[in-house]
Structure formats: structure tokens, C-alpha cells
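> Sequence and computational prediction follow.
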Amino acid sequence: MSAGRPLTKAERKKYNRARHEQKIREDLIARHGTDLGTFYYWLRFMHIRGTQAHRGGDTDFIRDVALALENVHRRHTG
């Protein structure tokens with residue numbers, strides 16, 4: 001975690017955010033099982049990143065996520 005020194009404010013914020021995301025992922029997996037929980041976490045993560053990309057005008061990222069979702073859907077629906 002730290003290199004024998006207190007974390008800076010930015011490092012602490014990054015660490016707390018990572019712990020929070022890990023807790024959410026573990027909760028989703030516990031609630032829905034490994035496959036579906038991981039998928040729900042991934043959807044949540046992509047929703048957040050997609051919103052950020054949309055605000056920044058990055059249409060390539062949104063297109064990549066849409067293609068990935070379509071591939072997952074096709075794989076599981078036959």
C-alpha cells in the first residue's frame with residue numbers, strides 16, 4: 001500500500017476509490033453469482049466510463065463498448 005510514509009491526499013483518494021469499486025464488485029458477485037455479478041459490474045463500469053467519454057466527445061470508446069455488448073449478447077443468445 002504505502003512505502004513507509006503516509007499517503008498523499010491524491011493517493012488516498014485513489015486508494016479509497018479502488019476499495020469502494022472492489023466492494024461493489026464483490027457485492028454484485030455475492031448477490032448474482034460470479035458470471036452475472038461480473039457482467040453487472042462491467043456494465044456499471046462501462047456506463048460510468050461511457051458517460052465520461054460522451055462528455056469528452058470520444059465516440060470511438062462508445063462504439064467499442066456497444067460492439068462488446070453486442071458480442072456478449074450474441075454469445076449468450078445463440
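It's in.

> Gly4: what secondary structure?
Secondary structure state of Gly4, per DSSP: H, G, I helix; E, B strand; the rest coil, is coil.

> same question, the one 3 residues further on
For Leu7, the secondary-structure state derived from three-state DSSP is coil.

> thought it was touching Tyr15?
Yes: using CB atoms under 8 Å, Leu7 is in contact with Tyr15, at 6.4 Å. (C-beta placed from N, C-alpha, C; glycine too.)

> The most centrally placed residue in the chain: which element?
Compute the mean C-alpha point of the chain, and by CA atoms, centre = their mean the closest residue is Phe45, 2.7 Å away. Element membership for Phe45 (DSSP states H and E) is helix 34-56.

> Only the buried residues of that helix, if you could.
Neighbour counts over helix 34-56 (16 or more other CB atoms under 10 Å) mark Gly37, Phe39, Tyr40, Tyr41, Trp42, Met46, Gly50, Ala53 as buried.

> Just the C-alphas of that helix, formatted as CSV.
The C-alpha coordinates for helix 34-56 follow below in CSV (Å, rounded to 0.1, in the frame of the first residue of the first chain):
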residue,chain,number,x,y,z
THR,A,34,-19.8,-15.0,-10.5
ASP,A,35,-20.8,-14.7,-14.2
LEU,A,36,-23.8,-12.4,-13.8
GLY,A,37,-22.2,-10.3,-11.0
THR,A,38,-19.1,-9.7,-13.0
PHE,A,39,-21.2,-8.8,-16.0
TYR,A,40,-23.3,-6.3,-14.0
TYR,A,41,-20.1,-4.8,-12.6
TRP,A,42,-18.7,-4.4,-16.1
LEU,A,43,-21.9,-2.8,-17.3
ARG,A,44,-21.8,-0.3,-14.4
PHE,A,45,-18.1,0.5,-15.1
MET,A,46,-18.8,1.0,-18.8
HIS,A,47,-21.8,3.2,-18.1
ILE,A,48,-19.6,5.5,-15.9
ARG,A,49,-16.8,5.5,-18.5
GLY,A,50,-19.2,5.9,-21.4
THR,A,51,-20.7,9.0,-19.7
GLN,A,52,-17.3,10.4,-19.3
ALA,A,53,-16.3,9.6,-22.9
HIS,A,54,-19.6,11.1,-24.2
ARG,A,55,-18.9,14.4,-22.3
GLY,A,56,-15.4,14.4,-23.7
